[in-house]
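Asks: Take a look and give me a structure for this.
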Amino acid sequence: MISPPNLESRVKQEKVNTEAGHEYEVFLSFRGPDSREEFTDNLYHRLKDAGVQTFRDDEELRVGEEIGPELMRAIKQSKISIPIFSKGYASSKWCLKEVAEMVKHKDETKHMILPIFLDVTPNEVQHQTGSYTEAFARQEEKYNFKTVQEWRDALQKVVKLKGLELKKEANGRHGEFIKKVLARVLISLKKAYLDVNDILVGIDHHVEAIKMTLLEVDETGVQIVGIWGMGGIGKTTLAKVVYNQLLDQFESSCFLNDIRETSSQHKGLEYLQSKLVADILNCERDDFANTDEGTKQLKYRLRHKKAIILLDDVDRVDQLKALAGDLAWFGPGSRIIITTREKKVLDLFQVSDIYELTLLSADQAFELFCRHAFIKGLPTPDLYGLSWDIVRTTGRLPLALEVIGSSLSTSSGRKEIWQGTLKQLKKKPHMMVRDTLRISYDGLDHEQQEIFLDIACFFIGTDARIVKPMWDDRDFFPEVEIEILLLKSLIRITGDGKLWMHDQLRDLGREIVEQENYKEPWLRSRLWHSEVAMRVLERQPWEGKTKVEAISLEGYQFRLEDHCIEDDQFMHLTNLRILQLEKASLCGNFERLLPDLQWLSWRFCNSNPTPPTNLDLKNLIVLDLSRSMVSEDWAGWSLMKVARKLKVLDLKGCLQLRKTPDFSAFPALERLILRSCHNLASIDPSIEKLSALVSLDIRNCTNLKDLPRLGSMEALTELLVDGTSIRELHVLRDTDKLGNLETLSANNCKLLAQIPDSLKCLKKLKLLSLDNCQSLGALPDSIGQLTSLVELSLSGTQIRRLPDSIGNLTLLTVLKIDHSRMTCLPSTLANLENLQVLNASGCVDLEGEIPINIGSKSSMRILRLADTKISSLPTSIICLHQLKILDLGGCQRLEALPNLPSSLISLRLGGESIRIFPNLENLINLKELIFLGCRQLVEVPPGIWNLSKLEKLELSNTGITTLPEQVGTLPHLRELRIRKCLKLKCLLKLPPSSYELEISFCSSLTRLPNPSNLNNLFLLRMYKSSKITVIPGLRGLTSLKRLDTSLCPITRLDGLERLDFLSYLHIELSQMEKLPYLSKWRRLSGMNASYRRKLRPRPVA
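Replies: Sure, this is the predicted structure:
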C-alpha cells in the first residue's frame, strides 16, 4: 500500500498535467493483484508508446471511501474508459464504483466504454456468476441494497457493449490481445499511429533525447533530426516511437517508409511526393508527372500545416531534396525525422542535428533476447548460459536478437536445438539479418567491396594507417573508400585509429567470401580460418591455379614451435597478395612463387639460421615482424633488400633487437614502428636517408638513450619517443629539416630535463605532449612561436610557470597542465581565443584567482580546476557561452561561486569553504550535478526544479538535512547518489525515471519514500545507513537487477521474490526476521550475505 502522502503527491502531479492541457484519452480501471503485471502494465505502456494519454488507475492505491475529484475528472475527461474484468474485479469496491461512474458519464455524454474480459467471460460478469457471486455476497454484507444494485446494473449495461475477450480474440495470448485492444482504441481515437514492436528495451533515453532536440526549437521554427546507424540497429523502431509520442501535438502527419526501395522504382519519387501531400492535407492522392511538379505542390500547399513527418530509410540526397528540399515548404512548428544508414546524406543535406544510434548494452541485449525467446522473459536454468552465448554471438544487434529469439521461442525446452543454432550462428549470420545488412554492401562499388572484405577477413583491430598503403598500391583510393564505409556505418575507426567492424557485418563479409565456393575453399579469394588455410596448403587438392589472394595462418597450433612451411605448398598460390604467419618458418626456394605479395605478417618469427631463398618481395608494401626473435644479425634481412616498395615496417616488441638493421634498402618507407623494443640501444644512421618517412614510433624503447640524427626527413609528421631514456631532444637542432613535423610526443621520458629553444622552428607542429616528464621544470619562451600548435599537454611535469608567450598560440584549443607543479596561470591565457579545454586539476600549488578576463572569450568548453587552491572565479565566467563542463571538486579555498553560464551540462563542486552557491534555475541544459564535501551546503541550491534535463545528481559529504520534493519531479533524472550526508533525515520523493539509486552512510535517515513507482530502476544500493530497517514497495521494482543492503539493519525484504530480473544480491542478515526464497532466481549470478550475530529464531520462508 502506498501511504496517503505519496498518493496525494501523485494526484497533484496528475492535476498539474490536466491543468496544463494534457487531457486523458483513456482511463484504465483494473484490480492490481489480478492483472497489473502480466497484462495491464503492458497495455498501459503500449498505449503510452502510441502517444495515447492514459490514466492508469489501481484500486490498491485507494485511500478513503469515495472517488476523489481528481479521479472523477480523469474519468470525465477521458474519451474511452476501459474496465479490465478479472476474477477478482467485483471484490474491489473501487472498481465497482468506477464502472458505475463510467456508465453514468456515458449516459450523459458520448463517452465510450470498451470492456475487456481477461480470465472471465462476459456471461459471468453480466449475470454475476462464478467468482462474482461470492464477491457480491460479500459486498452486500458491507453496503446497502441500493448501492450494490447500482453496481449490478452497471455491470449488466457494460457487458452489452461491444468488448474484447482474451480467449476468443487471441486464444489466451496476451501480446496478440494487446495489439487488438490498441488497434480498437486507435481507430476510435482516429489516430495515425504507427505499429511498433511491443517488446522495446533500452530505447527510452534515445526517445527522450530526440524528443528534446525536436522540441527545443520554438513553435515558429521547423526542425529536422536525422537518426543514423547500421542496418538492424533499430533506427525505424526508434523513429516510430518518437513519432507516435509526438503525434498529438500536430494537426497533420505523414510516414513514408522504405524510401530507398520505393524511390528506385519507376516514378517512385513522384509517388512519395504525392503521398506526402495527400497525407498532410488529408485528401485524395494525385499523380505527379515528374518531381518538379511534385516539388511545386509541396512548396505551395503544405506551408500552412503544422505536420510531423517521418522519412524512413533514405539513402540518397536527391530523395531529401524532392521530399523536404526547403524548410519553408512546411508550416510553422513542423518536425521532420529522417532515418538512414548513410551519414553522408545527412551531411550533404546539412542536417545539423544528427543522432547516432548505438548498440544495446550487454544486459539490455540479454533482456531483449529473453523477452523474445521465453514466454515469461526469463531463461530456464539449463538455457541461461546458452542464452548469453547467443547474445554475445549476435554482437548485441537488436534485429538479430529479435529474429533469433523469436525463432527459438517454440523450442525453449529443447537444448539441442539451441546448441545447433549457436553453432550455426558462429559460422554465419541469420538469413533475415544477413539480408538486411547486405543492402549496404550491395550499394558499394567494387573497390569499396574489396576493402570491406579485406577488413572483415583480416584487418579488424589493425591501425588503418598501416593498411592504407597496400590498398593505395592496388590503385584504390583508400582515404575516399574508407570514408564511404564509415558514412555507411559499415566500419568504425576507434579512438586509437584502429579499424572496427560489428560482428554481424564481419560474419556477413566472410559469408560473402564463402559463397564464392562453399565446397572448394581454394577457389575462394580469402582464407582467414587458419585450419582451413592449412588444409589447403597441405593437401593441394586442386588442379592448376587457385583463386586465393589472401591467407592467414595466425593462431594455427603447429605441432612444433619452429614449424616450417615448404615452398611447394605455395606452388599454385600465384595470386597471393596477403600472407599472415605466426610462429612458423618459411623453407625452400621461393623463386617466382609470390610475385604479387603486398602484405607479409610474420609475427613471433624465430631467428631461423637458414631462411628461405629467392623470396620475391619486390612488391611488398607492409612487413610485420612484431614480437619476433629477430636480431640485427638475422639472415633474413638480406632477403628484404629487394623490398624497394616497402612502406611499413613493424618491429614492435622484438626483444632480441639491440640495433636496427640498415634501412638503405627501403627508400619508400613511410612508417617505422620500433615500439617496445626494450633492449634497443641504437638506431642505424641510415635512418636519416629515409626521406619518405612520415611516422617514427620508438615508444617504450626503455634502453634507448639517444635519438638518431633525422637528417633529411622532410616528410616526417609524427615523432613518438614516449618512455625512452633520452635526456634531451637534440634532434630538434635539425628543425630546418623537420619543417613538416605535426606531432611530437615524449610522454614518460623521466630523464628529459630540457626542451631546446630551437623548438620554435617547428612551424607546423600541432601536438606537443610531454606528460609525466618528471625532470622537466620549464618551457622555453620560444614556445610562443609554435603558431600552428593546437594541443599542449604538460600533465605531471615539474613546470611551475607557463611563459607569457603562450598567449601567442592563437590556434591552441587544448591545454593540459593537470597534476603539475603549476603555481599560477599567466594573464596572457586570456588571449587564447580558440582555447576549448583547460585542465589544471590536481595542481595542488595553483592558487589565487583565475585571470579575470578569461570569461571574455567564448570558445571554452571544458574547464577543470579540481583539487587546486584557487580562491575565486571571475564573474565574467558567465560569458563563456559554450562552456559544457566545469569541475571544481576539492577546491578547499573556494568560498563563493558566481552565476554560471546556461550552456553547462556537467557541474562538479567540492570544498568545505564554499558558502555561496549559484542559483541553478538558469542551468537548463545541465545533465550532471555533483556536490562533493560541501559541508556548508545545508539545502540543495534554489532552482533545481528547473533542471529538466538533469540525468545525474550526486550529494557526497554535505550538510543537507532534506532532499526537496522537486528532485522527485525531475523527468530525466536517472542516477541519484547520496553518500555520507550524516544530517540527512528526510527524502520526500524519489524521481520515477531513476535507473540507479544509492543511499550510503546516511546515519540520520530513518525511512525511504515508497519506491514502487520506479519501474526502470535496475540498481538499488543501501549501504551502512544504520536506521533504515525496511525498504517499502520492493515488489514494484520490476526491473531491479542489483540490490545491495549491506551493513543496513534490514528486518524484512517483502516482495523480493517478485524481482524476476535480479542478478546480484548483497544482504545483511544480522537483523533479518525472515529469509526470502532464493531458489527461483535463475539469473542470480552473484550473492553476498553478511551477518554479525545469529539469525533470530524465526521460521524460514
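Asks: and the gap between the residue of the chain positioned farthest from its centre and residue 102?
Replies: Going by Cα atoms, centre = their mean, the residue of the chain most distant from its centre is residue 145, 60.6 Å out. Separation of residue 145 from residue 102 (Cβ to Cβ, to the nearest Å) stands at 22 Å. Just so you know, the C-beta spots here come from the backbone N, C-alpha and C atoms, and that holds for glycine as well.
Asks: got it, and residue 1049?
Replies: The gap separating residue 1049 from residue 102 is 47 Å, by Cβ to Cβ.
Asks: ok, the residue farthest from the centre of the chain to residue 154 distance?
Replies: From residue 145 across to residue 154, the span is 15 Å (Cβ to Cβ).
Asks: what's the answer for residue 280, then?
Replies: Using Cβ to Cβ, one gets 43 Å for the distance from residue 280 to residue 154.
Asks: Next: residue 33.
Replies: 22 Å.
Asks: who's more crowded, the two?
Replies: Each of residue 33 and residue 154 has its neighbours counted (other Cβ atoms under 10 Å); residue 154 has more, 22 against 14.
Asks: Does the more buried one touch residue 95 like I think?
Replies: No: contact criterion Cβ atoms under 8 Å: residue 154 and residue 95 do not qualify, at 10.6 Å.
Asks: ok, back up a step: ok, residue 1049 and residue 102, which is more surrounded?
Replies: Each of residue 1049 and residue 102 has its neighbours counted (other Cβ under 10 Å); residue 102 has more, 26 against 16.
Asks: after the lowest-mean-pLDDT helix or strand in the chain, next one along is what?
Replies: Lowest on mean pLDDT, DSSP states H and E among the helices and strands of the chain sits helix 4-19, with a mean of 33. Next along the chain after helix 4-19, taking DSSP states H and E as the criterion, comes strand 26-29.
Asks: Return the set of buried residues in the following helix or strand past that following strand.
Replies: Per DSSP H and E, the first helix or strand lying C-terminal to strand 26-29 is helix 32-35. Neighbour-count burial for helix 32-35, with 16 or more other Cβ atoms under 10 Å as criterion, is recorded at 32, 34-35.
Asks: Pull the number of nearby residues for the residue nearest to residue 359 when sequence neighbours are not counted.
Replies: Nearest residue to residue 359 in three dimensions, chain neighbours excluded: residue 396, at 4.6 Å (Cβ to Cβ, 6 or more residues apart in numbering). Neighbours of residue 396 under the rule other Cβ under 10 Å: 23.
Asks: now swap in residue 211 and tell me
Replies: 16.
Asks: Could I get the phi/psi values of it?
Replies: Note on residue 211: its backbone torsions stand at phi -60, psi -40 [degrees, to the nearest 10].
Asks: For the residue nearest to it when sequence neighbours are not counted, give me its contacts.
Replies: Leaving out its chain neighbours, the residue that sits closest to residue 211 by Cβ to Cβ, 6+ apart is residue 242, at 6.0 Å. Residue 242 is in contact with 207, 210-211, 214, 337, counting by Cβ atoms under 8 Å, 6 or more residues apart in numbering.
Asks: Okay, residue 981 and residue 576: tell me how far apart.
Replies: Separation of residue 981 from residue 576 (Cβ to Cβ): 68 Å.
Asks: Neighbour count for the two, which is higher?
Replies: residue 981 (25 against 21).
Asks: ok, now which ones touch that one?
Replies: Counting by Cβ under 8 Å, 6+ apart, residue 981 makes contact with 955-960, 1001-1002.
Asks: so it is in which element?
Replies: Counting by DSSP H and E, no helix or strand carries residue 981.
Asks: ok so residue 701 is a strand residue?
Replies: No: Residue 701 sits outside any strand when classified using DSSP: H, G, I helix; E, B strand; the rest coil, being coil.
Asks: Surely residue 492 touches residue 485?
Replies: No: assessed by Cβ under 8 Å, residue 492 is found out of contact with residue 485, at 9.2 Å.
Asks: show me where pLDDT drops low in the stretch 651-800 of the chain?
Replies: Counting by pLDDT under 70, the stretch 651-800 of the chain shows low-confidence ranges at 711, 733-736.
Asks: One more: the stretch 201-350 of the chain?
Replies: 217-218.
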